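Just to be clear, the model below is a prediction. Sequence and coordinates:
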Amino acid sequence: MRWTKLSRSIGASRSAGVPPAVQSASRAPSVHATGLFLIFTLTLVAAILLSAAPPEKHLAVFSVAANYSLPLVQREGRSYVGLLELLEPLGKVTAKSEGPRWRLRYNNNAEGVFQIGKTHARVQGRDADLSGRFLVENNRGLVPVASLPSLLPRFLGGPVTLHEASARLFIGSVGTHFAAALSAENPPRLVFHFTAPVNPSVATEPGALRMTFSREPLVAPASPTLTFGNRTIPSAIYSESNGAAVVTVNAAIPVMATFSSDGRTITISSTSTAASASSGSQNANPPASGTAPNTGVPNGVPNGSVPNSSAPTLSGQPAQTLPGTPPATPVSTRRYFAVVDASHGGDDHGETLSATLLEKDVTIALARSLRQELESRGIPTLVLRDSDANLTLDQRAIFANTDHAAIYIAVHAASNGHGVRVYTALLPFDGDDRGTFRNWSTAQHASLPLSQSAAAAVAAEFQRRQIPVRTLTAPLRPLNNVLGPAIAVEVAPLGSDSSQLTAPDYQQLVTSAVATAIAATRDQLGAAQ
Ligand SMILES: [Zn+2]
């Protein structure tokens, strides 16, 4: 079976109680074509899997080249997988048996020699521990799954991560992250935003809706249980088993899932209000009763059922109006005080600082250094982009808003100028909030005074340390989309040599100043939560 978007035969296979088709072995790369979707409303009435037979055990493999699934066999108390089958979708691979020996070549340069019954092999002339005996069945060489994190990098030359209990294997830096935010309409809607298109199967049962991600390298949020402080949709729980990641939404009312046009947004809403929710009419939202400032409550999420809700990027002009959030919802789920955003990443290199230095690499080093400095001062900190991932500006704001951070700090690097520039948002004039709706482009509005005092505190600390510093306001996205206090720190070298940006002592000089200032304004920032 191919893992294509077209295999989303949810109604037929699921209501018949058949396990998802992807559990059979497949070497076909997944087709992650975007733009194939129409807006897709799934109303699953009686899709209950409980009576299905236990599914065949399999290993889900996620890589840049292909996502696929392989059957596992149980031998000698361990899970085994065919090594040839595992490598085949990733490159050119051949194997041959020579008596008790089994030789495998990958891409004509990496060779492994395995012996039947032996717990060690030789790969590239070096010893490799298999953590169990090597087996051959029907000319297929079988290795214990537990050996893959040490064995595969010898062939592939890159890092491999195994979630052994759930049989999920990540080759290279692949991973789809997600955030969830609850709108405080009545009944509420829960909006999931993903960093890449997803296509889960959906099942409902009394009190819960379950999304199963068999084909996506979905990774766990910081905490597997997300709580929303709401009686109607109190929580969502992340789990993994048998090759799949599962997100279970607990709900006191019947709910359904609505997929956005680009596959990156899924909205969970009441089945009874589905018609108005999916009509795209923002006026369908009931008016909020309160008028207090709207700080700290997560709702910077584009409406998942509005066409073209795909995240606008740098050049985009998102004039999207968002549902408002009444201030009545208690905030109880903040996990991080600070969110540090390593700006740029993936295809977006940022500024080319020198022939060998890209801004995206400097920002991630600065962000990690800042996290260390903040945490050493007792401030729980999330680095938003902790890998070379593509994240849109909207996704960054959504992550910050979802985490209820008391302060959002974007980190940039520059080769021009000297020292540090500290930015706060310059909000557009045309972004008035209308009625109960927050305008996405001016979400920052209510928090701007606190952002400016945080920026002033940071600048004062740099001055105290005699590091050149300027404070600026700029239409620098996503600062304007962040609901809570938000600043950006742009770091330039002290002199004209941009290689100073990579020097750990300079990075720490800068990040310790920022952390000291944030720690000093901690009470002020925290009080606004
Ligand atoms: Zn930048």
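Okay, I see it.

What mean pLDDT does stretch 129-147 get?
Averaged over stretch 129-147, pLDDT sits at 93.

Straight-line length of that stretch, end to end?
7 Å (CA to CA, to the nearest Å).

Beta-bridge partners for the residue of the chain found nearest the ion, please?
The ion sits closest to His412 of the chain, with a gap of 3.5 Å, by CB to the ion. In this view, the C-beta of every residue, glycine as well, is placed from N, C-alpha and C. On the basis of DSSP bridges, His412 takes part in beta bridges with Glu490.

Wait, it touches Glu490, no?
Yes - in this structure, His412 is within contact of Glu490 by CB atoms under 8 Å, at 4.1 Å.

buried ones in the helix or strand harbouring Thr94?
For Thr94, the element it lies in under DSSP states H and E is strand 93-98. Within strand 93-98, the residues that qualify as buried are Val93, Ala95, counting by 16 or more other CB atoms under 10 Å.

Just after that strand, pick out the following helix or strand.
Sequence-wise, the next helix or strand downstream of strand 93-98 (DSSP H and E) is strand 101-106.

Just checking: what are the partner strands of that following strand?
Strand pairing for strand 101-106, using DSSP bridges, gives strand 93-98 (antiparallel), strand 110-115 (antiparallel).

tell me the mean pLDDT for that strand?
On average, strand 101-106 scores 92.

Give me the residues contacting it.
83-84, 87, 91-97, 111-116, 134, 136, 141, 155-156 (CB atoms under 8 Å, 6 or more residues apart in numbering).

Pull the distance from it to the chain's centre.
37 Å (CA atoms, centre = their mean, to the nearest Å).

tell me the mean pLDDT for the strand holding Thr94?
Across strand 93-98, the average pLDDT comes to 88.

where exactly do the helices run in the stretch 401-529 of the chain?
Using DSSP state H, counting those that start in this stretch, the helices found in the stretch 401-529 of the chain span residues 448-464, 504-520, 522-527.

Pass me the low-pLDDT residue ranges in the stretch 251-400 of the chain, would you?
Along the stretch 251-400 of the chain, segments meeting pLDDT under 70 span 261, 273-335.

Show me where it has its strands.
255-259, 265-270, 321-322, 338-342, 352-354, 357-358, 381-383 (DSSP state E, counting those that start in this stretch).

would you turn the helices of the stretch 401-529 of the chain into CSV with mean pLDDT, mean neighbour count and distance to the ion?
As requested, the helices of the stretch 401-529 of the chain are arranged in CSV below (pLDDT from 0 to 100; neighbours: other CB atoms under 10 Å; distance: least, CB to the ion, whole Å):
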stretch, mean pLDDT, mean neighbour count, distance to the ion
helix 448-464, 94, 19, 17
helix 504-520, 96, 20, 15
helix 522-527, 84, 14, 24
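
To Ala65, which of the ones you listed lies closest?
Among the helices of the stretch 401-529 of the chain, helix 504-520 comes nearest to Ala65, with 34.2 Å by CB to CB.

what comes into contact with the closest one?
Contacts with helix 504-520, where a contact means CB under 8 Å, 6+ apart, come from 338, 365-366, 369-370, 372-374, 376-379, 407, 409, 420, 454, 457-458, 460-462, 465, 467, 489, 491, 493-494, 500-501, 525.

I'd like to know which of the residues you listed are buried.
Buried by 16+ other CB under 10 Å: 338, 365-366, 369-370, 372-374, 379, 407, 409, 420, 454, 457-458, 461-462, 467, 489, 491, 493, 501, 525, out of those.

What's the local residue count around the residue nearest to Arg421 when sequence neighbours are not counted?
Nearest residue to Arg421 in three dimensions, chain neighbours excluded: Glu490, at 4.4 Å (CB to CB, 6 or more residues apart in numbering). Neighbour count of Glu490, defined by other CB atoms under 10 Å: 23.

What's the per-residue pLDDT of Glu490 here?
Glu490 is given a pLDDT of 96.

do Ser7 as well
Reported pLDDT for Ser7: 29.

ok so, going back, so can I have CSV of the strands paired with strand 101-106 showing distance to the ion?
Shown next, in CSV, are the strands paired with strand 101-106 (distance: least, CB to the ion, whole Å):
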stretch, distance to the ion
strand 93-98, 41
strand 110-115, 39
